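Participant: Got a predicted model here, sequence first, then my questions.
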Amino acid sequence: MANVMGVDIGGTKIRLGIIDGAGTILYDERIPTQIPLYPYLEKNVLRILGDYPEVAAVGIGTHGFVDPKEGSIIFSTDALPGWSGTKVKEQLQAATGIRVEVENDANCAALAEAKFGAAKGLDRVVCLTLGTGLGGGIIWDGKLLSGGPHGGAAELGHITLYPGGADCACGRKGCYEQYVSGTGIQRRIREAGVDLTPLEMFQNAATDKQSQDLLEAFTYDLAIVISSLQAVFDMESVVIGGGVSESAEYWWPQLLDQLEPLLLNPLEIQTAKFGNDAGVLGAALLVLEGK
């Protein structure tokens, strides 16, 4: 199978890799995100393709609501100004002369974990990416659940957890994202009047009551999120990735304790295998074998 390029676009950096059919990253580069984004993206893709002319296709994972059929960006927040409305697939295919596919970045991470990672061999999986926000990706009977008329399928971070709760970037209040993301944890700490980073709070929970209360509030809300999603998808496994998962050793036991009485049926909960590699590997999978 020919090599392909995977591109993972975030608000602060873009990662570009050349990946073979076994999921091995043969070339890896990180560049800072620059605005306007599209011409900068095209320039760098063409530069790398010049060094790897054998690349057969390009897969792109990006922040925002994506129309995967058209390969266009339906909506993006201010994290990527001017990205909304960009016809990425059409423009980049014309520039490169090779196949291009575009998908939401959390969906790409789910693809990577289902094909090569923690959920390998499973048919129904929910992946939660706990980073600055809360990304969600769903593998349904072996296929990625995505798209929709507004590109919003599987936007799990924007289900309401607390009606009338904390303001969310989507314009509503009380979304999952505002309670079980890195930003949500930081807000909880700030509102508690504590001068700690999230990692310090997790570490201090063993000896400090206020930190323990903050940790338990986070794990309880995450348990509610997981149990609610189980009622919808009846998945075999939940895979938790993103930056917050890197501190899971401090909060994993509490999460499992909080979750046990809430589950409808037994459910495997695990951390992601690929970490920061999931986005670029999943983007490559868009064109390695289809979704």
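Facilitator: Happy to help now that I have it. Numbers count the residues shown, from 1 in each chain.

Participant: Where do the strands of the stretch 1-150 of the chain begin and end?
Facilitator: Under the criterion DSSP state E, counting those that start in this stretch, the stretch 1-150 of the chain carries strands at the ranges 4-9, 13-19, 25-32, 57-62, 65-67, 72-75, 99-104, 125-130, 134-140, 143-145.

Participant: What lies in contact with whichever helix or strand comes after the last one?
Facilitator: With elements assigned by DSSP states H and E, the helix or strand that comes after strand 143-145 is helix 182-191. By Cβ atoms under 8 Å, 6 or more residues apart in numbering, the surrounding residues in contact with helix 182-191 are 130-134, 166, 177-179, 196-198, 201, 214, 217-218, 242-244. Yep, even glycine has a C-beta here, placed from its N, CA and C like the rest.

Participant: tell me the mean pLDDT for helix 182-191?
Facilitator: Mean pLDDT, taken over the full extent of helix 182-191, equals 95.

Participant: now stretch 220-228
Facilitator: For stretch 220-228, the mean confidence score works out to 98.

Participant: follow-up on the earlier one: tell me which of the strands of the stretch 1-150 of the chain lies nearest to residue 38.
Facilitator: Taking Cβ to Cβ as the criterion, residue 38 comes closest to strand 72-75 out of those, the separation being 9.4 Å.

Participant: list the helices and strands that closest one packs on?
Facilitator: When contacts are defined as 3 or more Cβ pairs under 8 Å, 6 or more residues apart in numbering; DSSP states H and E, strand 72-75 sits against strand 65-67, helix 88-96.

Participant: Leaving out sequence neighbours, find the closest residue to the residue nearest to the spatial centre of the chain.
Facilitator: The centre of the chain sits closest to residue 106, judged by Cα atoms, centre = their mean, with a distance of 2.7 Å. Closest residue in space to residue 106, ignoring its immediate chain neighbours: residue 135 at 2.8 Å, by Cβ to Cβ, 6 or more residues apart in numbering.

Participant: Just send the strands of the stretch 1-150 of the chain back as CSV, with mean neighbour count, mean pLDDT and distance to residue 285 too.
Facilitator: Supplementary listing: the strands of the stretch 1-150 of the chain in CSV, determined by neighbours: other Cβ atoms under 10 Å; pLDDT from 0 to 100; distance: least, Cβ to Cβ, whole Å:
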stretch, mean neighbour count, mean pLDDT, distance to residue 285
strand 4-9, 27, 97, 8
strand 13-19, 21, 95, 8
strand 25-32, 12, 95, 12
strand 57-62, 26, 97, 7
strand 65-67, 23, 92, 15
strand 72-75, 19, 94, 20
strand 99-104, 24, 96, 9
strand 125-130, 28, 94, 13
strand 134-140, 25, 91, 11
strand 143-145, 19, 88, 9
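
Participant: Need these in JSON lines (columns: distance to residue 86).
Facilitator: Compiled in JSON lines, the strands of the stretch 1-150 of the chain are given as follows (distance: least, Cβ to Cβ, whole Å):
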{"stretch": "strand 4-9", "distance to residue 86": "11"}
{"stretch": "strand 13-19", "distance to residue 86": "14"}
{"stretch": "strand 25-32", "distance to residue 86": "18"}
{"stretch": "strand 57-62", "distance to residue 86": "9"}
{"stretch": "strand 65-67", "distance to residue 86": "10"}
{"stretch": "strand 72-75", "distance to residue 86": "5"}
{"stretch": "strand 99-104", "distance to residue 86": "9"}
{"stretch": "strand 125-130", "distance to residue 86": "22"}
{"stretch": "strand 134-140", "distance to residue 86": "20"}
{"stretch": "strand 143-145", "distance to residue 86": "21"}
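
Participant: Looking at these, which is nearest to residue 43?
Facilitator: Distances from residue 43 to each of those were compared by Cβ to Cβ, and the smallest falls on strand 25-32, at 10.2 Å.

Participant: what angle separates that closest one from strand 4-9?
Facilitator: Following axes from the mean of the first three to the mean of the last three Cα atoms, to 10 degrees, one obtains 30 degrees for the angle between strand 25-32 and strand 4-9.

Participant: ok, back up a step: export the helices and strands packed on strand 72-75 as CSV, with columns for distance to residue 185.
Facilitator: As requested, the helices and strands packed on strand 72-75 are arranged in CSV below (distance: least, Cβ to Cβ, whole Å):
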stretch, distance to residue 185
strand 65-67, 25
helix 88-96, 32
